[in-house]
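> Show me how the following folds:
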Amino acid sequence: MSTAVGALLRRETACAVKVVLRNPQTAFLVVVLPLLYLFVLASIFDGEQVHAPDRPWTLDVSTIMTASVVVVGVVSAAFQNLAMTLVEDREYGVLKRLRSTPVPAPVFLAGHVVTATVMSVVLAVLVVCLGVLVFDVPFPGARIPAAAVTVLAGTLACCLVAIPFSALVRSASAALPMAFGTGLTLFFLSGNFFPGKDLPVAMQRVADVFPVRHFFLAMLTAFDPHTTGAGFEWGHLSVLAIWAAAGAVLSVAVFRWTPTGEK
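Now for the predicted structure:
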């Protein structure tokens, strides 16, 4: 039985990967745009030292932005893209047809989660390579396991939040603006694009409720050359785990397989 499920999961993952590779819009939003963010911002502030978020010392802007753009890329792949894909498949009747096939619902969704995870890991590697090779960002070294765990935890949280989020989007045409707008709002709230700037207290309180800021701070610890020890931020990672668990529960309760009928 487990062998059959494994085969189904591999097939669903392969199908999801093909859909991503055949969509130029997805390639731009998920891969090109985050790398462009890092290249532009790190080029503008190249060599500048600024106050690091939640730290008493300064860091090179390129180091902060590398950690930040890893988060941006993961959110793009695991939240924005997955939410858009599920909404479009639902509204075009793809999910309804799949629901009548022998493919178990958990296997179908797991295929998308695995695909998002692969995309997130690949993008994280590309971002790190760009930061280290072009902008002299210190290589994490012994903190690589912490960075990897943080990427995986952030990916899982984003995926499991994207599934119930798709139920809020009522039409295929609204999928892109709602998913992209939500992600962009969280990036601004979390300070991803403002290295060295202290956010207003009220904004920090709001950002602390959501997973993106915790993801960013945990990733920054892994890239911070001043970090001692393995670099695991268990407090921030626990917040990501809570969001993942909440997303899983909500997914069971609110996920829709049939079109809403709204244009």
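> what packs against whatever helix or strand L130 lives in?
Assessed by DSSP states H and E, L130 sits inside helix 105-135. Packing partners of helix 105-135 (3 or more CB pairs under 8 Å, 6 or more residues apart in numbering; DSSP states H and E): helix 2-21, helix 33-44, helix 61-75, helix 81-91, helix 144-165. Every residue, glycine included, has its C-beta placed from N, CA and C.
> try 10 Å
Counting by 3 or more CB pairs under 10 Å, 6 or more residues apart in numbering; DSSP states H and E, the packing neighbours recorded for helix 105-135 are helix 2-21, helix 33-44, helix 61-75, helix 81-91, helix 94-99, helix 144-165, helix 211-223, helix 234-254.
> Turn the ones you listed into a markdown table, columns for mean neighbour count.
Below are the helices and strands packed on helix 105-135 laid out as a markdown table (neighbours: other CB atoms under 10 Å):
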| stretch | mean neighbour count |
| --- | --- |
| helix 2-21 | 14 |
| helix 33-44 | 17 |
| helix 61-75 | 28 |
| helix 81-91 | 25 |
| helix 94-99 | 15 |
| helix 144-165 | 23 |
| helix 211-223 | 27 |
| helix 234-254 | 16 |
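> In CSV: those helices, plus mean pLDDT and distance to L123.
Converted to CSV, the helices and strands packed on helix 105-135 look like this (pLDDT from 0 to 100; distance: least, CB to CB, whole Å):
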stretch, mean pLDDT, distance to L123
helix 2-21, 66, 12
helix 33-44, 90, 6
helix 61-75, 95, 4
helix 81-91, 91, 11
helix 94-99, 82, 25
helix 144-165, 96, 9
helix 211-223, 96, 13
helix 234-254, 95, 18
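> export those helices to JSON lines and tack on distance to A110?
Converted to JSON lines, those look like this (distance: least, CB to CB, whole Å):
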{"stretch": "helix 2-21", "distance to A110": "6"}
{"stretch": "helix 33-44", "distance to A110": "25"}
{"stretch": "helix 61-75", "distance to A110": "18"}
{"stretch": "helix 81-91", "distance to A110": "12"}
{"stretch": "helix 94-99", "distance to A110": "13"}
{"stretch": "helix 144-165", "distance to A110": "10"}
{"stretch": "helix 211-223", "distance to A110": "20"}
{"stretch": "helix 234-254", "distance to A110": "12"}
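> circling back to that earlier point, which residues belonging to the helix holding L130 are considered buried?
The neighbour-count check on helix 105-135 (16 or more other CB atoms under 10 Å) flags 107-121, 123-124, 126-128, 130-132, 135 as buried.
> Report pLDDT for the residue nearest to E91 when sequence neighbours are not counted.
Nearest residue to E91, sequence neighbours excluded (CB to CB, 6 or more residues apart in numbering): A172, at 4.0 Å. We have a pLDDT of 89 for A172.
> my read: L86 touches Y92, true?
No: when contacts are counted by CB atoms under 10 Å, L86 is not listed as touching Y92 (11.1 Å).
> intersection of neighbour lists for the two?
Residues touching both L86 and Y92 (CB atoms under 10 Å, 6 or more residues apart in numbering): none.
> need the contact list for V72.
By CB under 10 Å, 6+ apart, the contact set of V72 is 33-35, 37-38, 65, 80, 123, 127, 183-184, 186-187, 190, 192-193, 212, 215-216.
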